[in-house]
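Asks: here is my input, please return the structure:
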Amino acid sequence: MKKTPELGFGLMRLPMTGAEMDLGRIEEMVDLYLDSGFSYFDTAYGYFEGKSEAAAKTAIVDRYPREKFRLTTKMPAWMGVNKTADDAKQMFWTSLKRTGAEYFDSYVLHNINTTRVKSFDNFGIWDFVRELKEKGLIRRVGFSFHDKAELLDKVLAEHPEMEFVMLQINYADWESASVQSRLCYEMARKHNKPVVLMEPVRGGMLADMLPPTAKAVLDEAGQGQSYASWALRFAASLEGVETVLSGMSTLEQVRENVELFKDLRPLDDKELVVIEKARAALDSLPSISCTACDYCVADCPKGIIIPKLFEMFNRDLMYGDFRSAKFGYTWECQFSAKASDCCQCGKCEEVCPQQIEIMAALKQGAEKYED
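Replies: Prediction:
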């Protein structure tokens, strides 16, 4: 019998009061989640500039016995300017102090891709986390991944000691050329690594912000399910997925999700056909037709990560989600050139197989998403 994945509580979209965490509401959400029989919490060194880890201490660690919950956090070894190996390793100790957790049930090397994997290599982080595990400060180690399946294959081959992979998987991104949800999932399965699945509702875009054409497909199925439940059940229907992370921000979201996972029913064949139709509806929406081949990146003299920025622009184009697009754009531009840095040399357009008017798109994006 197929094992049902657990619902994980992602601490990335917690309720706020101004610039501070709304600890009263967070504690209510935590209590409901734990009282419903679940226990997996996920945070990260960089979430809310450390406030997420601090909230985990106040709302979870200080209020419950250690055996009642499991806590995961993440190390972004690439974060910061002029980072050193000591700086990167200090992130672990900072996270341990912020959370007061004594140890981490899972520890994640955060957001590995073509450029960022070099930080983990150069700083000796793979050996560092192995040593931490030997000391009992980490119970198991994995990494989160945002790149092509080919790189995932390479990383898993070089680091078979990694015990799980955290992947962005949802039905909208399943066949995406840039996210490669399906291909990365299949690569993790090839290496026999369990998957912790993130972004099952694509930051809420497959729930409240689902476009009308896709809503119509799901409504026509006539099953009375919420749009979010369709997305969550798709994620939980995949073999080898051990945990489905949901970044919950309201008590109602916690209530709906725990009820769904208490008696989780995988999608049947007819429902999978419905999901395929919903995906086709999403694919038909206006978008920048980037396939993330990266030819433009190789030739860009400014080093603009054009496909990644286009992925952010498409959040707005397809879902009308300006807030998520701007947040994602601002986040990505912390580590690379902005769209406004484009020098209009045209080298990107010369090599683009999709013949996208890249320079014009970057100019429009700079005007819209930069302050």
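Asks: and the helices in the stretch 1-150 of the chain?
Replies: Secondary structure of the stretch 1-150 of the chain (DSSP state H, counting those that start in this stretch): helices at 23-35, 51-56, 85-99, 117-122, 125-134, 149-158.
Asks: now the helices for the stretch 251-371 of the chain?
Replies: 251-262, 269-283, 295-299, 306-319, 322-332, 347-351, 358-369.
Asks: same for the longest one, what does it pack against?
Replies: It stands for helix 269-283. If you count contacts as 3 or more C-beta pairs under 8 Å, 6 or more residues apart in numbering; DSSP states H and E, helix 269-283 packs onto helix 212-220, helix 227-236. Placement of C-beta: from N, CA and C, glycine included.
Asks: same thing but at 10 Å, please
Replies: helix 212-220, helix 227-236, helix 306-319 (3 or more C-beta pairs under 10 Å, 6 or more residues apart in numbering; DSSP states H and E).
Asks: and for that helix, what's in contact with it?
Replies: Identification of contacts with helix 269-283 by C-beta atoms under 10 Å, 6 or more residues apart in numbering yields 170-176, 202, 205-206, 210-218, 220-223, 225, 227, 230-231, 233-234, 237, 265-268, 318-319.
Asks: output the below-cut-off pLDDT ranges for the chain.
Replies: Across the chain, the ranges flagged by pLDDT under 70 are 1-2, 81-82, 291, 353.
Asks: switch to 50 and redo it
Replies: For the chain, no stretch has pLDDT under 50.
Asks: can you pull the domain assignment for this protein?
Replies: 6-279, 295-369 (automatic domain parsing).
Asks: for Pro286, which of those is the nearest?
Replies: Checking these against Pro286 by C-beta to C-beta gives domain 295-369 as the closest, at 5.3 Å.
Asks: how long is the closest one from one end to the other?
Replies: One end of domain 295-369 sits 24 Å from the other (C-alpha to C-alpha, to the nearest Å).
Asks: what's the spacing between that domain and its chain's center?
Replies: 20 Å (C-alpha atoms, centre = their mean, to the nearest Å).
Asks: count the neighbours of the closest residue to Glu311 other than its chain neighbours for me.
Replies: Spatially, and ignoring its direct neighbours in sequence, Glu311 is nearest to Ser178 (5.2 Å; C-beta to C-beta, 6 or more residues apart in numbering). Using other C-beta atoms under 10 Å, Ser178 has 18 other residues around it.
Asks: wait, Ser178 sits on Phe310?
Replies: Yes. Under the criterion of C-beta atoms under 10 Å, Ser178 makes contact with Phe310 at 7.7 Å.
Asks: residues shared between the contacts of the two?
Replies: Residues touching both Ser178 and Phe310 by C-beta under 10 Å, 6+ apart: 290, 292.
Asks: ChimeraX command to pick out the buried ones of the contacts of helix 269-283?
Replies: To isolate the buried ones among the contacts of helix 269-283 in ChimeraX, judged by 16 or more other C-beta atoms under 10 Å, type:
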select :170,171,172,173,174,176,202,205,206,210,211,214,217,218,221,225,227,230,231,233,234,237,267,318,319
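Asks: picking up where we left off before, so which of the domains of the chain comes closest to Ser289?
Replies: Short answer: domain 295-369, nearest of the domains of the chain by C-beta to C-beta, at 5.0 Å.
Asks: residues touching Ile358, list them.
Replies: 288, 290, 296, 300, 304, 306, 309-310, 339, 342, 346-352.
Asks: kindly write the ChimeraX command that selects the buried subset of those.
Replies: Of the contacts of Ile358, the buried ones go into a single ChimeraX selection, burial set by 16+ other C-beta under 10 Å:
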select :288,290,296,300,304,306,309,310,339,342,347,348,349,352
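Asks: for Val241, grab phi and psi.
Replies: phi -90, psi 120 (degrees, to the nearest 10).
Asks: and it, how far from Leu34?
Replies: From Val241 across to Leu34, the span is 22 Å (C-beta to C-beta, to the nearest Å).
Asks: if you count surrounding residues, which of these two has more?
Replies: Between Val241 and Leu34, counted using other C-beta under 10 Å, Val241 has the larger neighbour count: 23 against 18.
Asks: what pairs with the more buried one across the strands?
Replies: Listed beta-bridge partners, Val241: Val195 (assigned using DSSP bridges).
Asks: quick one on the thing from earlier: sec struct for the residue nearest to Glu311, please.
Replies: coil (DSSP: H, G, I helix; E, B strand; the rest coil).
Asks: residue contacts, it?
Replies: Counting by C-beta under 10 Å, 6+ apart, Ser178 has contacts 146-148, 290-294, 307-308, 310-311, 314.
Asks: now Gly203: closest residue in space that isn't a chain neighbour?
Replies: Ser324 (5.4 Å).
Asks: I'd like to know how many residues surround the one you found.
Replies: 18.
Asks: let me see the contact set for it.
Replies: Counting by C-beta under 10 Å, 6+ apart, Ser324 has contacts 202-205, 209, 312, 315-316.
Asks: Glu357 versus that one, what's the distance?
Replies: Distance of Ser324 to Glu357, given as C-beta to C-beta: 24 Å.
Asks: assign Asn192 to helix, strand or coil.
Replies: coil.
Asks: that one and Gly240 touch, don't they?
Replies: Yes. Assessed by C-beta under 10 Å, Asn192 is found in contact with Gly240 at 8.4 Å.
Asks: neighbour count for the two, which is higher?
Replies: Shown here are Asn192 and Gly240; by other C-beta under 10 Å, Gly240 has more neighbours (18 against 9).
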